[in-house]
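J.: Let's see this in three dimensions:
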Amino acid sequence: MAIPTEQIGSIPRPPQLLESIKSFETGAINAQALERQYEEALRETIIRLEHTDSPVITDGEQTKPSFATYPLTGLKNLAPDGVVIPFADGHQRQLPRLTSGPFRYAIHADSYTKAALGYTKRPVKQAVISASALSLLYPGDGLPGYSRERFISDLVDEAEADIRGALDAGAACVQIDFTEGRLSLKLDPSGALLRSLVALNNQVLNRFSAEDRPRIGVHVCPGGDHDSTHSADVDYATFLPDLFKMNVGRFYLQMASEPDKKRMLRIIGQLVATDQRVFVGVIDPIDPIVETAAQVRDRVLEAASILPIAQLGTTDDCGFAPFADDTSTAREIAFSKIRARVQGTEQAARELGV
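T.: Next up, the predicted model:
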């Protein structure tokens, strides 16, 4: 497409998969039966994404427990009482807490990439969790015999391997999910925490070559879970300058739900480098109303009036179900919204003559 368009990642899981997960947890079905349901959900999700005419496919994160915790599946050195993330509607998500070292990923993203490539010939995009998000696993009072410095060293190694493995497995691009970035300004309005998170992620990114960087991007949003957010009340303008210090070639930015889009687009226009692409959010996954292709077209045209067209792409503000148990958005609505994004982006490209 003349204006590239990509989804962020997650698609609501089919009801039968969610039921199978519950059945497995109660012992009603075995691991092999659950694995068959995962495979069927992945296959069906990719087929339906192809039917939306999406030029780039993801696995819909069908086999991940969440966008954030997939590397931790099966690890024994974790406790459940880690950092709590509060959402605006009152519900919470809680990360686990590391109880001992060393820190290693139990699962790397290349396994998801390889599985998705088995069901499509289209380019596959792989989402990975940021090193900065996983840094929150380390307890504030430290761990005997395992210093924070050693943890960070191990974490950076693992995060690099996660990205590099996905690229080597055939991913067309890799998206780092950095949704804690905007939240950090709510926890520390001085920006010191945000700057430390960006610096940590850059420790990982600096290990990649200039040739790799155009294929690596970062996604940010104010969170999206059960139709609520954790940091939408943080002014985007205070976040963007530090965000654009990340050494990536792609920025996937929530924008459809932003109240003052033109102001943010102007700021982005001042920050983006000539070798970077900005994927502007034109779909709001939290809004139950499906956008029309014409609405998407108009959002793209607005962005194109401010940002260089050659550096513009479109995306969704967030994943539709970043946590596997989130059923607040219907699966059918998610696919309809994706189809509207693809069609609206095509319409805008034709109108712009690109």
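J.: give the contact list for residue 299.
T.: Shown in contact with residue 299 (Cβ atoms under 8 Å, 6 or more residues apart in numbering): 255-256, 261, 280, 282, 344. (Glycine included, C-beta is placed from N, CA and C.)
J.: tell me the SS of it?
T.: In three-state terms, and counting by DSSP: H, G, I helix; E, B strand; the rest coil, residue 299 is helix.
J.: How many residues are close by residue 132?
T.: Using other Cβ atoms under 10 Å, residue 132 has 25 neighbouring residues.
J.: let me fix that: residue 302
T.: Residue 302: 17 neighbours (other Cβ under 10 Å).
J.: Could you find the closest non-adjacent residue to it?
T.: Excluding its sequence neighbours, the residue lying closest to residue 302 (Cβ to Cβ, 6 or more residues apart in numbering) is residue 261, at 6.5 Å.
J.: and residue 127, which of the three is it?
T.: Classification of residue 127 by three-state DSSP places it in strand.
J.: what is it paired to in the beta sheet?
T.: Applying DSSP bridges to residue 127 gives these bridge partners: residue 175.
J.: That one reaches residue 175, doesn't it?
T.: Yes - if you go by Cβ atoms under 8 Å, residue 127 and residue 175 touch, sitting 4.8 Å apart.
J.: Could you tell me which residues touch both of those two?
T.: What both residue 127 and residue 175 touch, as defined by Cβ under 8 Å, 6+ apart, is the set 8-9, 219.
J.: residues in contact with the strand or helix carrying residue 24?
T.: Assigned by DSSP states H and E, residue 24 belongs to helix 15-26. Outside helix 15-26, the residues within contact range by Cβ under 8 Å, 6+ apart are 29-31, 33-34, 37-38, 40-41, 62, 324-325, 327.
J.: Output the contacting helices and strands for the helix or strand that comes right after that helix.
T.: Counting by DSSP H and E, the element after helix 15-26 in chain order, helix or strand, is helix 31-51. Applying 3 or more Cβ pairs under 8 Å, 6 or more residues apart in numbering; DSSP states H and E, one finds that helix 31-51 contacts helix 15-26, helix 110-117, helix 331-352.
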